[in-house]
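>>> Below: sequence and its predicted model.
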Amino acid sequence: MSLKRSEVEKIAHLARLAMSKDELDAVTGDLSNILDLVAQMEEADTGGVEPMAHPLHMAQRLRADEVTEEDRREQFQAIAPLTEAGLYLVPRVIE
Amino acid sequence: MRSQSISALAQSLRAGEFSSVELTREYLDRIAALNPQLNSYITVCEESALQEAELADRRIRGGDAGLLAGIPIAHKDIFCSEGVRTSCGSRMLDNFIAPYDAHVVSRFREAGAVMLGKTNMDEFAMGSSNETSYYGAVRNPWHPERVAGGSSGGSAAAVAAGLCVAATGTDTGGSIRQPAAFCGITGLKPTYGRVSRFGMIAFASSLDQGGPMTRSAEDAALMLEVMAGFDERDSTSAEQPVADYRAALEQDLKGLRIGVPKEYMDAALDEEIAASVQLALDEYVRLGAELVEISLPNTHLAVPTYYVVAPAECSSNLSRFDGVRYGYRCREPKDLEDLYKRSRGEGFGQEVKRRIMIGTYALSAGYYDAYYLKAQKLRHRISDDFRAAFEKVDLIMGPTAPSTAFGLGEKADDPVNMYLCDIYTIAANLAGLPGMSIPVRPVDGMPVGLQLIGNYFDEGRLLNAAHRLQQESNWHLATPVTSE
Amino acid sequence: MQWETVIGLEIHAQLATKSKIFSGASTAYGAEPNSQACSIDLAMPGVLPVLNREAVRMAITFGVAINAEIGRRSVFARKNYFYPDLPKGYQISQFELPIVGRGEVEILLEDAEPKRIGVTRAHLEEDAGKSLHEDFHGMTGIDLNRAGTPLLEIVSEPDMRSAREAVAYARKIHQIVQYLGICDGNMQEGSFRCDANVSVRPPGGPLGTRAELKNLNSFRFLERAINIEVERQIDLIEGGGKVVQETRLYDADRDETRAMRSKEEANDYRYFPDPDLLPVEVEEGLIEAVREAMPELPDARRERFQREFGLGAYDASVLTANRGLADFFEQTAQVAGDAKLAANWVMGELSGALNKAGLELAESPVTADRLGEMLLRIVDKTLSGKIAKQVFEAMWLGEGSADEIIEARGLKQITDSSAIEAVVDEVLAANPEQVANYRAADDKKKPKMLGFFVGQVMKQSKGKANPQQVNQLLLKKL
């Protein structure tokens, strides 16, 4: 299965990945090859088979509603690229 | 280099034959001498390691030392370690100083182990050769032009070359077992849910599992005892009691039923590797086990299934790396979209981007049913194959990898060919079963791994079988030339 | 041309848990930015979510309250999109298997029959953080304190046909979540938020293209925004245009809706089950426990108020509009022993005073017990209604209980007939001319003329004489 260049560009946008022209060229071929590999799934019959999301048949455990976390803003923001007045800064968001 | 087991080293430390500081110093010196060539460490924690060793020595003298007191180990750089860079092999996290310890890291701290450093790995654990690391490829201690395997290649090479006593790794599709096979060491991927994933940077959440990489099954038993156990911070952590793995080691193998999947030992397998695997199987027969031919009919679908499930989960798991709260941020973004796209485009390497894109595609509107849902159904069928097999046998054995360690750069430009390296290991991850790789007779001087797959939470039996073989053979004791 | 409006609402109710839905960070409102965002809320590498039991219980409580099916097995899914207030790059929500399935509520508009509005589903999800657009050198600041606060998203069927119905439905849900104690309902602080899907069609025709309206942070804005949007869509269609499916923001200052720029592109959320969380299994026992602990709901309480206290439908519905008011009234009525009197005072004097002072009921300086005690003094004739208003004012100003104020100010009503008779005699003696006029007047004029004498007696007694007794004595003596 071969992907169109425009499809690859759309995926790159959805995944928010900047890619150069060369990268896009290379990845278009790679993705097509990987999809060929994956296409082997098509032949397999999965009628009546339940999808399996987890290896273990367990149910979600529930936490008590307690505040257990303290304020660690200073430590967390020490490794942040850009903060001011306790806020993380990003280029202006337009709504 | 030292070839003693962890328990022998621990005994010497307790007897005062040498101190942890001396032992740690010795390993740090070896790292300084050999790591520039092997590139198995991303970060070496010389100062803190010596401090930890000193503390361990005091605790040993005081008589309240933990199970691994004073033993120098290394962690795969996927486990967050407070105050130490945790890069996950990526430019994205090159500047990330973790503000907390992974559950596994804190368990080793509590046990008194000394952390020598953080080992090299494929970027975000995506790779089978350790060539996708931002910090460069790891070289195989047995042959400098060969790969160490991946993604836990740094841990495997470090253990093999004696740059640590033991190490941790993670395995999503074979990332502990395959490098263990390539480097001639013992690697164990526990049952999904056996070891907490808290603080272990996620690649594919429903497949990832941490485990020990050691020189012997006996060491692996000790390491697993420290790592395993319920953790309330991981919703997928199993509330199953941890077995006494060391006590299980010596059990007799008489009557053990070993399933050998015909799909693993078919004509496609390299003849010499097949012969090495058969030699080990014969040894098991000599030890009283019985070989049973079994079939895992969906084996050929494991790789395609995996390459939908794992990329789908990774595409979502890696969305948090956006240049806002930590990690790499591009220079002078012109707007928000530019910030996202360039931070991620520049921060991630090729393989990571490929997998994010495959996963994004597989989950996107119109393709979900054909890819993701289909893969989840096949996952069920692959698991059912094992379920049926374990009604007839106690363990499954076969090769860990289709070849020995291949040349650096040999498969780097061919992702699909690289993916097929994990053909024998991936199914255990899809099913969530424990798997192990132990060294058997080498081929052309390069290590070969025997893979053992056990039933859910049956790590004890895996370790038992591996240990008994290691008592009867010397393959696990072989050391590479580089490390002498 | 005739147009029919079709409205469906998506309501996000913040659940009143102490900690977040997937982390142990506090949910308290108004903290310093990012001081309540822990490693899990910040989506640090390697951290994992663990579900809050209380959030699950609250969701089930809502489901039981609206007679909905409870999802015995519900699954959390990831909704993937990039936005700076969404640290993981996905929101943990529920998609295919929500915790609350189909249910319904009844709304009642003044001039119409009761109408049932279907609730399609209600699911648990996490809230996002907040973007602050004040000027940080032309940048936006991100505060993630709110990130991870549990939300119950309540999705209605497109069953509403007017803005008024939409508001009645939203108020109903607001009332229910407050009664259940699962949401504080504070719309200013964003604890209760409404989005409206609005479309128009020829009556009975197929559904038109809908616009989703956001930023409706009061019931008034909800009504206003829908009406404006309906007008816009009709004008657009009648002018030959087409409605496009989009998200529109209501701008209260300009009183208009406008398309949101950031959400222009078609989203592809790539939902899939969250592999970090396992299916939530709800056992029958939990549903039973919730059912048993269920507080009285507004409709039931309204009916009880009518039945038990003999209140009219209107009074009963006003007094049950929210749980706090209903509790206040019921306590007042119990202390006073006269429900109608209590209803009049709570809806009249008390509500007026609160309105005037701009206070919430919970901030009232006069408690239900105090008000009840004062009303008791009306019931036992210690106070007249008129004097009671003075006592209420004094209580409002913090001068103590009704009895203390009556004592301190000597406001006790005079009911001793001989005391009143003395005052009546005094007044009659002092006004012989008026007495003569009264007696000479014809019967039609007499009641009006009597008022003069009553006024004089009340003046002499400083308002404390019991007016009925004054009347009776005057009539007798004249």
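Sure thing, it's come through.
>>> alpha carbons only for contacts and neighbour counts from here, please
Will do.
>>> how about low-confidence regions in chain A?
For chain A, residues meeting the criterion pLDDT under 70 lie at A:95.
>>> what's the span of stretch B:309-324, first residue to last?
27 Å (Cα to Cα, to the nearest Å).
>>> Report the mean per-residue pLDDT for that stretch.
For stretch B:309-324, mean pLDDT rounds to 98.
>>> now do stretch C:133-148
On average, stretch C:133-148 scores 90.
>>> Dihedrals phi and psi, the most centrally placed residue in chain A?
Closest residue to the average C-alpha location of chain A: residue A:15 at 6.9 Å, with Cα atoms, centre = their mean. Main-chain dihedrals, residue A:15, degrees, to the nearest 10: phi -90, psi 0.
>>> can you tell me how far it sits from residue A:64?
35 Å.
>>> tell me the strands in chain A, going along the chain?
Secondary structure of chain A (DSSP state E): strands at A:62-63, A:83-84, A:87-91.
>>> then the last one to CSV, C-alphas only?
C-alpha atoms of strand A:87-91 as CSV (Å, rounded to 0.1, in the frame of the first residue of the first chain):
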residue,chain,number,x,y,z
LEU,A,87,2.8,30.3,34.7
TYR,A,88,4.1,28.3,31.7
LEU,A,89,4.5,30.6,28.8
VAL,A,90,3.6,29.7,25.2
PRO,A,91,3.2,31.8,22.1
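>>> Leaving out chain neighbours, which residue sits closest to residue A:75?
Ranked by Cα to Cα, 6 or more residues apart in numbering or on different chains and with sequence neighbours excluded, the top spatial neighbour of residue A:75 is residue B:99, at 6.9 Å.
>>> give the contact list for that neighbour.
A:75, A:76, B:81, B:82, B:83 (Cα atoms under 8 Å, 6 or more residues apart in numbering or on different chains).
>>> Check which helices and strands the biggest helix by length in chain C is in contact with.
Assignment by DSSP state H gives helix C:219-238 as the longest helix of chain C. In terms of contacts (3 or more Cα pairs under 8 Å, 6 or more residues apart in numbering or on different chains; DSSP states H and E), helix C:219-238 is packed against helix C:163-179, strand C:192-201, strand C:211-216, strand C:256-259.
>>> strands paired with the third one, and their directions?
Right, strand C:211-216. Here strand C:211-216 has these sheet partners by DSSP bridges: strand C:192-201 (antiparallel), strand C:246-251 (parallel).
>>> between it and helix C:219-238, how many degrees?
160 degrees (axes from the mean of the first three to the mean of the last three Cα atoms, to 10 degrees).
>>> Find me the pLDDT at the residue nearest to residue A:75, would you?
97.
>>> mind checking the SS state of it?
coil (DSSP: H, G, I helix; E, B strand; the rest coil).
>>> State the distance from it to residue B:347.
20 Å.
>>> For chain B, give me the ranges with low pLDDT.
B:1, B:482-484.
>>> residue nearest the centroid of it?
residue B:176 (2.3 Å).
>>> Let me see the contact set for that residue.
B:150, B:151, B:152, B:156, B:169, B:170, B:187, B:188, B:189, B:211, B:213.
>>> which of those has the most neighbours?
For those, the largest neighbour count, defined by other Cα atoms under 10 Å in any protein chain shown, is 44 neighbours, found at residue B:156.
>>> Buried residues in the longest helix of chain C, which are they?
C:219, C:221, C:222, C:223, C:224, C:225, C:226, C:227, C:229, C:230, C:233, C:234 (16 or more other Cα atoms under 10 Å in any protein chain shown).
>>> which residue packs closest to the fourth one, ignoring adjacent ones?
Taking Cα to Cα, 6+ apart as the measure, residue C:223 lies nearest to residue C:163, with 5.0 Å between them; neighbours along the chain are not counted.
>>> I'd like the strands paired with strand C:211-216 as TSV, with mean pLDDT and mean neighbour count appended.
Converted to TSV, the strands paired with strand C:211-216 look like this (pLDDT from 0 to 100; neighbours: other Cα atoms under 10 Å in any protein chain shown):
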stretch	mean pLDDT	mean neighbour count
strand C:192-201	96	24
strand C:246-251	91	21
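>>> export those strands to a markdown table and tack on distance to residue C:425?
Shown next, in a markdown table, are the strands paired with strand C:211-216 (distance: least, Cα to Cα, whole Å):
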| stretch | distance to residue C:425 |
| --- | --- |
| strand C:192-201 | 65 |
| strand C:246-251 | 70 |
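>>> To residue B:307, which of those strands lies closest?
strand C:246-251 (35.2 Å; Cα to Cα).
>>> How about stretch C:108-128, which residues are buried there?
C:117, C:118, C:119, C:120, C:121, C:122, C:123, C:124, C:125, C:126, C:127, C:128.
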